[in-house]
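[1] My questions concern the predicted model and sequence given below.
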Amino acid sequence: MYETHYHRASSAEDAVEKMGTADDGKYMSGGQTLIPTMKQRLAAPSDLIDLGHIDAMKGITVDNGKVTIGAATTHAEVASSTELGSACSGIASLAGHIGDPHVRNMGTIGGSIANNDPAADYPAAMLALNAEIMTTKRTIPADEFFTGMFETALEEDEIITAISYQAPQKCAYAKFPNPASRYAMAGVFVAQHADGVRVGVTGAGSDGVFRHSAMEDALNASWSSDAAAACDVDEADMLSDIHGDAAYRANLVKVMAKRAVEAAG
Amino acid sequence: MSEGIGARVLRKEDKRFITGNGKYTDDVRNEGQCYAAFVRSPHAHAKVNGINKSAAESMEGVEAVLDGHQLTGDGIGNIICGWAITSKDGSPMNMGAWSALATEYVRYVGDAVAVVIADSPANARTAAEAVDVDYEILPAVTAADIAMNSDSPQIHPEAPGNLIYDWEIGEKEATETAIAGAAYVCEMDVTNNRVAPNPMEPRSAVASYDASEDHYTLYTTSQNPHVARLVLSAFYQVAPEHKLRVIAPDVGGGFGAKIYIYPEEIVCLWASMKTKCSVKWTADRTEAFLTDAHGRDHISTAKMGFDANNKIVGFQIDTIANFGAYMSLFSSAVPTYLYATLLSGQYDITNIHCNVRAVYTNTTPVDAYRGAGRPEACYLIERMIETAARELGVDPGELRRNNFIQEFPHQTPVIMAYDAGDFAANLDAALAAADYAGFEARRSEAASRGKLRGIGLSSYIEACGIAPSAAVGSLGAGVGLWESAEVRVNPVGTIEVLTGSHAHGQGHETTFAQVVSDRFGLPTENIQIVHGDTDKVQFGMGTYGSRSGAVGMSAIVKALDKVEAKAKKIAAHMLEADEGDIVIENGEVKVAGTDKTLGWHEVCLGAYTAHNLPEGLEPGLKEGAFYDPANFTFPAGTYICEVEVDPDTGTTEIVQFVASDDFGTIINPMIVEGQVHGGIAQGVGQALLEQAVYDDNGQLLTGSYMDYAMPRADDLPSYKVSHESTICPNNPLGIKGCGEAGAIGSPPAVINAITNAIGNNDLSMPATPAKVWAAIQATSLKEAAE
Amino acid sequence: MTSVSMTVNGKSASGEVEDRTLLVQFIRENLRLTGTHVGCDTSQCGACVVHVDGKAVKACTMLAAQADGSEVTTIEGLAGDDLHPMQLAFKENHGLQCGFCTPGMIMAATDMVNRLGTDLDENTIRSELEGNICRCTGYHNIVKAIKDGASKM
């Protein structure tokens, strides 16, 4: 790792101020992706601004079906939240399968979403849940937030403070992990809302997380695992690598969608 | 409770490991410690036109930047392969030059061209990035069969066509004739995938030079510190043997990868002399993937002929072995004497012929990895016999039984003379433990849940305890393969055993103590096993090839024989009895049939006070021995794997894994079972998960755990392990060895089970979900077409 | 450079370190507690697992500065005069061979019990070990050891 300057922020405003004085600063939440990247010398921020100790950015509230999760809430906290367990167990279950127990104790929802790794789990949920990404500057709908692999609508000094969404009638996530990294080779989050079904797909797409509109149409027509399995998934949109070609990933998207629908009930 | 042979004694070494007090090489830190970072080639094949070190030399904390011209200028020799193989035309093998730091050409990604010595690992790494190497990129080749093509890049001038040797064993014509006359011939192309060993402790070296004594000390992650010292001294001219101390302290797993002497150890020693600093290098995991010798990587085509009674009449094999960019220390022996000599398997086959071509490619060097040659042989034989059974429509277990060798000793047509075994006993035990008869019912039940269930067998044999020194010498080995021991009895009766074997997980501190405990009836806590330090221990050959029981313990037994004989002489004199009447048991020395007794400690003290010794007997009680094995040993057994495949995703779950092994005498069942568990896990890893993958330019695509799938706890089942033993007649304890069996026997059992489940035999390792799913699709398409 | 100060195994520990110093480097190099190991570069092998403020984390994926002010427990601080039940269970069940992954395994196992209780089944243990890699044991005896050790905690 190249040398850097560590700063611990006491509030989101403090963090933004510290970023303003840094040459080439980077926000760090749990650091579970950023630190390995820096260790490999693939990132070399002059300054690291640690968001992990900002209490105002932590915690989970459920109010009349409106779920709000602070950006610095860890995966372990989301996974074990009793409020989420009853209001939206799909996201709690998703969080419980990110990384491993030790990573889940450090990694946060805000960090995961801001990084938008094409094989990360949370972005699929944000799309399917029609979440709003709340930042120090504005509120961004998930549909406008994820703009491509590792790309988001965030500006350089902008910080995610929380995410929020109306709990759907039902939802679930199914993931097929890469045998080596255990990241998603295909992860599908399905959510049935009062105004229709939304399906977010991660890991499989050649341009990062995306909504699968054909799958949404199929599930709107018939909320059933058969409908999910029968849906066409275009291989041309899929990633191909040493772990699986596009045909395999297209199949996985269908199978994971089917399993997610079964799990959602 | 007895702590002798056969007892389930808990490990003496565990306490330091479970409390965090193990001492591994990277835990060593000397005063003013400096750190090495290597400048490595990012290209698989390139000409080095120049190295500009000036920017790096002036960077913070940098002591020195050293290159290969300086290394060879100081007389440091090339790295060699220590086993000479002769091609079938009588020509010697074509070994290319390997300098620890490349000077003119780099031949694989990771090949070291320079080293930076600095005051911290980070400063060394930063300066290494600043070393400017002018590479002229050359075309690269990674696959062994393609490397032999006339238009492929030439990697070493010494090896035209990249061919290292073209070797054969067995009778070609007789085998061809037998197969031509066979009632049925099974033909297969079989690939054995390249894997990376991955001991969890990365390789590490801490080298120090004491100018006032002109003496070097090297802490290193070695399975054989004396061999390391010998090779570093005699071949690489780093320092004379008596001026070099090599210490292999606690070592975090080896699996073969830590046998060899790598460029990094040589360079650290040399750099410590150049800089007058203690130099430390510890690999990160990516460096481990790039530079630890890989394993396997064979391509074979084979024919197995059967007569009308389903007896194998001939077995012919053509194998191409990928050696990577350089010949590692034992590389040449792996696809020859450790592979082709085992191609008879457990079967009575009169005619076998195997041709092996060894080939250079622009990849990481390949050498022995847990099993070394024997897994490749076993995988080939056991996939073919299972395939033959399916094609002949007979039960795979019964086809094996029909061909089992029944009488011992048995001379195979490929050198090996099996000394003892009962193959049917292990087959029967495994079939019973697996409830083989109940499989079809389980398959139906699985089908009702939408799962494809399959069962696969593997009856392996391997050769351990390698081997009579004269025999391996005649086959080209550069060393003898004996082992040494010294038993030091202290005046108070406690015992230190100095062994040339080295433990890196095998539990020698416990099992070796059990052998001593068994002899004299002493508690194991009174026995200390010393190993791993060339200043403490006499020359020894180290631990690999499952040899520490069959060879290492045999040396201890020989030394114990001498200690016992002398102790009896002393006791007979003290007790005024006949030497032949003295019995040593339960820590007491007795005259048989009388009540005359001395404590063991009294005899020991008597040896050292020397007040009352028999005339002419030297004082003291300390004896050494060297044991040279009389033959290989032949562990064998049957493994049965049962899987359920998810047809939607191609995921394989191992629902049962049964092992029945014949390891001869078992010293500590707990430790033997642990060795089998670990070996099976590595074999299952090779079969389901692991592969080192290169792209066409020679870039390693699996350079970290993000892309190289290591077996995790939830990839594996619990194992059912049992033993049906015959005693090895060729060593004093009757031991065969257990360290590699699991890795040898398990891969074909797994693949046979999956191919049985999915009804498609066209499946290679690793059987990843993607590959299995594709094989299922192919089967469905074929069925639809029919 | 930054100054960090934390409580490690019940004792206060502080030092001036480069900001980039990882917690595992601080533990191994500054405090010379070498039971915490490094086996990979990608936060997967778990040889470096320690507890920070009572939770298992990978010390190779946390800066020492992030742990400033925290309570850290390493393998060396797990037990008092007697072995911790989980340490003893690893010995009694032959849950280790080379010992390199063992400290991380034991720290992960005690964290598992802290979160999930003392009655752990085999499937739970296997899936909870996702972040810890062992190359020697095939996990069979590690799973047995954790089940046994948990029941005695």
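    Ah, there it is.

[2] and the residue of chain C found nearest chain A, what is it in contact with?
    Residue of chain C nearest chain A, by Cβ to the nearest Cβ: residue C:131 (2.7 Å). All C-beta atoms are positioned from the backbone trio N, CA, C, and that covers glycine. Contact analysis of residue C:131 by Cβ atoms under 8 Å, 6 or more residues apart in numbering or on different chains lists A:99, A:100, A:101, A:102, A:103, C:44, C:46, C:49, C:58, C:108.

[3] Tell me how many other residues surround the closest residue to it other than its chain neighbours.
    With Cβ to Cβ, 6 or more residues apart in numbering or on different chains as the criterion, residue C:131 has its nearest non-adjacent residue at 2.7 Å, and that residue is residue A:100. For residue A:100, the neighbour count with other Cβ atoms under 10 Å in any protein chain shown is 23.

[4] show me what contacts whichever residue of the stretch 601-750 of chain B sits closest to chain A?
    For the stretch 601-750 of chain B, the residue closest to chain A is residue B:709, as judged by Cβ to the nearest Cβ, at 3.9 Å. Residues near residue B:709 by Cβ under 8 Å, 6+ apart: A:179, A:180, B:685, B:689, B:690, B:766, B:768.

[5] phi, psi of it?
    Reported as degrees, to the nearest 10, the phi and psi values for residue B:709 are phi -80, psi 110.

[6] again, but for the one 3 residues further on
    In this entry, residue B:712 is assigned phi and psi values of phi -110, psi 170 (degrees, to the nearest 10).

[7] So it versus residue A:249, what's the distance?
    Between residue B:712 and residue A:249 the computed distance is 22 Å (Cβ to Cβ, to the nearest Å).

[8] What of residue C:71?
    Distance from residue C:71 to residue A:249, by Cβ to Cβ: 44 Å.

[9] So which residues of the stretch 601-750 of chain B form helices?
    Ranges of helices in the stretch 601-750 of chain B, per DSSP state H, counting those that start in this stretch, are B:669-684, B:741-758.

[10] number of nearby residues for residue 127?
    Picked chain A for this. When neighbours are defined as other Cβ under 10 Å, residue A:127 has 25 of them.

[11] To clarify, I was referring to chain B.
    26.

[12] Repeat that for residue A:239.
    20.

[13] Let me see the confidence value for it.
    Per-residue confidence at residue A:239 stands at 96 (pLDDT).

[14] Repeat that for residue B:1.
    For residue B:1, the predicted pLDDT is 54.

[15] wait, residue B:21 sits on residue C:35?
    Yes: with contact defined as Cβ atoms under 8 Å, residue B:21 counts as touching residue C:35 (6.5 Å).

[16] Helix, strand or coil: sort out residue B:511 for me.
    Secondary structure state of residue B:511, per DSSP: H, G, I helix; E, B strand; the rest coil, is helix.

[17] Is there a neighbour count for it? I'd like the number.
    Using other Cβ under 10 Å as the criterion, residue B:511 is surrounded by 26 other residues.

[18] top strand in chain A by residue count?
    Ordering each strand of chain A by length in residues (DSSP state E) puts strand A:184-193 first.

[19] now that one, how far from the centre of its chain.
    Centroid separation between strand A:184-193 and its chain, computed with Cα atoms, centre = their mean, to the nearest Å, is 11 Å.

[20] Give the other helices and strands that that strand contacts.
    If you count contacts as 3 or more Cβ pairs under 8 Å, 6 or more residues apart in numbering or on different chains; DSSP states H and E, strand A:184-193 packs onto helix A:89-95, helix A:122-128, strand A:170-177, strand A:196-202, helix A:213-221, helix A:246-264.

[21] of all those, which lies closest to chain B?
    helix A:246-264 (4.5 Å).

[22] follow-up on the earlier one: what's the overlap in contacts for residue B:21 and residue C:35?
    residue C:76.

[23] If you count surrounding residues, which of the two has more?
    Neighbour count, other Cβ under 10 Å: between residue B:21 and residue C:35, residue C:35 has more, with 26 against 17.

[24] and whatever residue of the stretch 301-450 of chain B ends up closest to chain A, what does it touch?
    For the stretch 301-450 of chain B, the residue closest to chain A is residue B:450, as judged by Cβ to the nearest Cβ, at 11.8 Å. By Cβ under 8 Å, 6+ apart, the residues touching residue B:450 are B:646, B:647, B:648.

[25] most surrounded residue in the residues you listed?
    Most neighbours among the contacts of residue B:450, by other Cβ under 10 Å: residue B:648, with 20 neighbours.

[26] number of nearby residues for residue B:759?
    The number of residues near residue B:759, taken as other Cβ under 10 Å, comes to 15.

[27] Pretty sure it sits against residue B:778.
    No: assessed by Cβ under 8 Å, residue B:759 is found out of contact with residue B:778, at 10.2 Å.

[28] picking that back up, okay, the helices of the stretch 601-750 of chain B, which one's buried deepest?
    Stretch with highest mean neighbour count among these: helix B:741-758 (a mean of 30; mean count of other Cβ atoms under 10 Å in any protein chain shown).

[29] give me every residue that touches the residue of chain A found nearest chain C.
    As assessed by Cβ to the nearest Cβ, chain C sits closest to residue A:100 within chain A, at 2.7 Å. By Cβ under 8 Å, 6+ apart, the contact list for residue A:100 reads A:182, C:44, C:46, C:130, C:131, C:132.

[30] got the end-to-end distance for stretch C:32-47?
    End-to-end distance of stretch C:32-47 (Cα to Cα, to the nearest Å): 16 Å.

[31] Does chain B have contacts with that stretch?
    Yes: against chain B, stretch C:32-47 shows contacts by Cβ under 8 Å from any Cβ of the partner chain at C:32-42, C:44-45, C:47.

[32] Phi, psi for residue C:3 please.
    phi -100, psi 130.

[33] Okay, strands next: where are they in the stretch 451-600 of chain B?
    For the stretch 451-600 of chain B, the strands defined by DSSP state E, counting those that start in this stretch cover B:452-461, B:483-489, B:495-499, B:527-530, B:582-585, B:588-591, B:597-599.

[34] roughly how far out does stretch B:135-154 sit from the chain middle?
    On Cα atoms, centre = their mean, the centre of stretch B:135-154 falls 29 Å from that of its chain.

[35] close to chain A, is it?
    No: Stretch B:135-154 is not in contact with chain A by Cβ under 8 Å from any Cβ; minimum separation 13.6 Å.

[36] and residue B:611, how many neighbours does it have?
    So residue B:611, with other Cβ under 10 Å, has 8 neighbours.

[37] Would you list the phi and psi of the residue nearest to residue B:236 when sequence neighbours are not counted?
    Residue nearest to residue B:236 in three dimensions, not counting chain neighbours: residue B:77, with 4.7 Å by Cβ to Cβ, 6+ apart. With angles defined as degrees, to the nearest 10, residue B:77 sits at phi -80, psi 170.

[38] got the CA coordinates for the one helix or strand residue B:390 maps to in CSV?
    Here residue B:390, judged by DSSP states H and E, is contained in helix B:374-392. Extracted in CSV, the C-alpha atoms of helix B:374-392 (Å, rounded to 0.1, in the frame of the first residue of the first chain):
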residue,chain,number,x,y,z
ARG,B,374,0.8,-41.1,-8.6
PRO,B,375,-2.4,-39.0,-8.7
GLU,B,376,-1.9,-38.6,-12.4
ALA,B,377,-1.5,-42.4,-12.8
CYS,B,378,-4.4,-43.2,-10.6
TYR,B,379,-6.7,-40.8,-12.3
LEU,B,380,-6.0,-42.3,-15.7
ILE,B,381,-6.4,-45.9,-14.6
GLU,B,382,-9.4,-45.4,-12.4
ARG,B,383,-11.3,-43.3,-14.9
MET,B,384,-10.6,-45.8,-17.6
ILE,B,385,-11.6,-48.9,-15.7
GLU,B,386,-14.8,-47.2,-14.5
THR,B,387,-15.5,-46.2,-18.1
ALA,B,388,-14.7,-49.7,-19.3
ALA,B,389,-17.2,-51.2,-16.8
ARG,B,390,-19.9,-48.9,-18.0
GLU,B,391,-19.2,-49.7,-21.6
LEU,B,392,-19.0,-53.5,-20.9
